[in-house]
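> This is a predicted model, with the sequence first.
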Amino acid sequence: MIIEFEEKMLELIDARIETASDDELFAGGYLRGHISLSVAKCEEQSIGDVEVLKARINESLEEAKSELSPADRIIVADLWDELQNA
């Protein structure tokens, strides 16, 4: 189940490449890393629940928030919200 969710998220990010702004490209690349890392950690622990995966991605983004400027955090958060609602 989480692999399907990961594939969907990555496909949605990839589908934007042609028309994405520089900010959107950055946010997509940044999210790809957090999504894939969180999926890998869930798989290691035999977690298949998408809601747990989403919580892990949110935690990962929160832990890394100091890596981004406030403006970049908003761009990443907006894209993440949009992807989850797609």
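Sure, I can see it.
> Is Ile13 in a helix, a strand, or coil?
helix (DSSP: H, G, I helix; E, B strand; the rest coil).
> Wait, it touches His34, no?
No - using Cβ atoms under 8 Å, Ile13 is not in contact with His34, being 11.4 Å away. Placement of C-beta: from N, CA and C, glycine included.
> shared neighbours of these two, anything?
The contact sets of Ile13 and His34 do not overlap (Cβ atoms under 8 Å, 6 or more residues apart in numbering).
> and the most centrally placed residue in the chain, what is it in contact with?
The residue lying closest to the centre of the chain (Cα atoms, centre = their mean) is Leu31, at 3.6 Å. By Cβ under 8 Å, 6+ apart, the residues touching Leu31 are 9, 13, 76, 79-80, 83.
> what does Ala27 give?
72, 75-76, 78-79.
> any idea how far Gly48 is from it?
27 Å (Cβ to Cβ, to the nearest Å).
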